[in-house]
Structures are given as C-alpha cells and as structure tokens.
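Student: Just to be clear, the model below is a prediction. Sequence and coordinates:
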Amino acid sequence: ADEPTLQIMAERPETGQLNIDDCAELSRRISDKFDAMEEAGNDPIEGAYRLEVSSPGIDRPLTRAKDYANWAGHDARINLMEAVSGRKQLRGLLEGIEGEIIAIDDRKVGRQTTSLDNVHSAKLILTDALIAATIPVSADGVDEISGEIEDDILTEEQED
C-alpha cells in the first residue's frame, strides 16, 4: 500500500525561491514539529505518510490571489471547473487579478475573465521571459531541472 504524501511548497518571500538546503532544513523542522505533536497525543496525520518539501519551481502553480498579481505579464495555463466561453482551459498571457476576478488573454479566444473560485488549477508556462524574470538562487540541481523541462515540453506538445 502506498503511503499518502504531504506535499509542502515553500519559498523565501524575498526571492520567491528555495534552494535544496532550505528544503532539507524546512523538512527537518516540520518533521520535528509533527513528531512532538504526535508524542503529545495530537497527531496531525494518522498513520504513515511521506513528507515532500520543495520550491514551487520556475513554472510554479498559481494558488493565491497575489500569485496572479505577481506573475501578471507571463504566460499561464488555467484549468477551470466551469467553462468560460465554452472552454475549460485558458492559456495565454496572464493579465492579473482585480478583486476575485482573474483576467487572461487566451491565445485562441482573446481576453477572458473568471472568478478565482472557478479555478481548478493554474500554473505558469515556462518561457524565455519567465526564465529572464526569475533570478536563480543556486545552480545546484540544474541537470535535474533540465530533464523536467524537457518532460514538461513533451507533455505540453502531446496535450496540444
């Protein structure tokens, strides 16, 4: 039986990134906290589980309203719960968010808006502009990232 996974994505507010040492330290601190809670009889997760701590990555998921504001001007893919203009996926230049309304210039159907509540999932699309806008904090793991980018490109080509 596979153990459930608790996945935590974190970033430093000043850089929007996390290096491998930061991930390891955060993982240790979370594990220690959960162990102390379990010993006190207040186990936050019943049974065995796997803890994964990572940075959101360059093609990060957009999960908070401020993510849509911070990453306006970059390409994104937004999967919707309810269709907008007959489409459940919008892909194009993220224009931002006003209140709870997200705006995106979809490359096929033009400017579209939807509520944050209608978003099933959303993430940035890896582009040269995104790479240029993201300052790497460390070159560690570059070879692994390159392989992930190639996998993502192949996956996106299959989706289109």
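Tutor: Great, that's in hand.

Student: Distance check, the residue positioned nearest the centre of the chain against Tyr68.
Tutor: Most central residue of the chain, judged by C-alpha distance to the mean C-alpha position with CA atoms, centre = their mean, is Pro61 at 2.0 Å. With distances taken as CB to CB, to the nearest Å, Pro61 is found 11 Å from Tyr68. Yep, even glycine has a C-beta here, placed from its N, CA and C like the rest.

Student: so what sits against both of those two?
Tutor: Listed contacts common to Pro61 and Tyr68 are Ala122; contacts here mean CB atoms under 8 Å, 6 or more residues apart in numbering.

Student: Which strand or helix spans Asp32?
Tutor: Taking DSSP states H and E as the criterion, the element that holds Asp32 is helix 20-39.

Student: I'd like the next helix or strand past that helix.
Tutor: Using DSSP H and E, the next helix or strand after helix 20-39 towards the C-terminus is strand 50-54.

Student: can I see the domain layout of the chain?
Tutor: Each domain of the chain is listed here as a residue range: 5-54, 65-124, per automatic domain parsing.

Student: Of these, which shows the lowest average pLDDT?
Tutor: Averaging pLDDT over each of the domains of the chain singles out domain 5-54 as the lowest, with a mean of 83.

Student: which strand in the protein runs the most residues?
Tutor: When secondary structure is assigned using DSSP state E, the longest strand within the chain turns out to be strand 87-98.

Student: Can you give the strand pairings for that strand, parallel or anti for each?
Tutor: strand 75-84 (antiparallel), strand 101-106 (antiparallel) (DSSP bridges).

Student: can you redo those strands as TSV with distance to Lys123 and mean neighbour count?
Tutor: Listed next are those as TSV, based on distance: least, CB to CB, whole Å; neighbours: other CB atoms under 10 Å:
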stretch	distance to Lys123	mean neighbour count
strand 75-84	6	17
strand 101-106	12	19
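
Student: and of those strands, who's closest to Ala48?
Tutor: Proximity to Ala48, assessed across those by CB to CB, is greatest for strand 75-84 (31.0 Å).

Student: Relative to the whole chain's centre, how far out is the closest one?
Tutor: Centroid separation for strand 75-84 versus its chain: 15 Å, with CA atoms, centre = their mean, to the nearest Å.

Student: Now it - C-alpha only, PDB.
Tutor: Coordinates of each C-alpha in strand 75-84 appear next as PDB, following Å, rounded to 0.1, in the frame of the first residue of the first chain:
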ATOM      1  CA  ASP A  75       2.100  33.000 -19.900                       C
ATOM      2  CA  ALA A  76      -0.100  30.800 -17.800                       C
ATOM      3  CA  ARG A  77      -2.500  27.800 -18.200                       C
ATOM      4  CA  ILE A  78      -5.700  27.900 -16.100                       C
ATOM      5  CA  ASN A  79      -7.900  24.900 -15.800                       C
ATOM      6  CA  LEU A  80     -11.500  25.800 -14.800                       C
ATOM      7  CA  MET A  81     -14.200  23.900 -13.000                       C
ATOM      8  CA  GLU A  82     -17.000  25.600 -15.100                       C
ATOM      9  CA  ALA A  83     -16.300  26.500 -18.800                       C
ATOM     10  CA  VAL A  84     -15.900  30.100 -19.800                       C
END
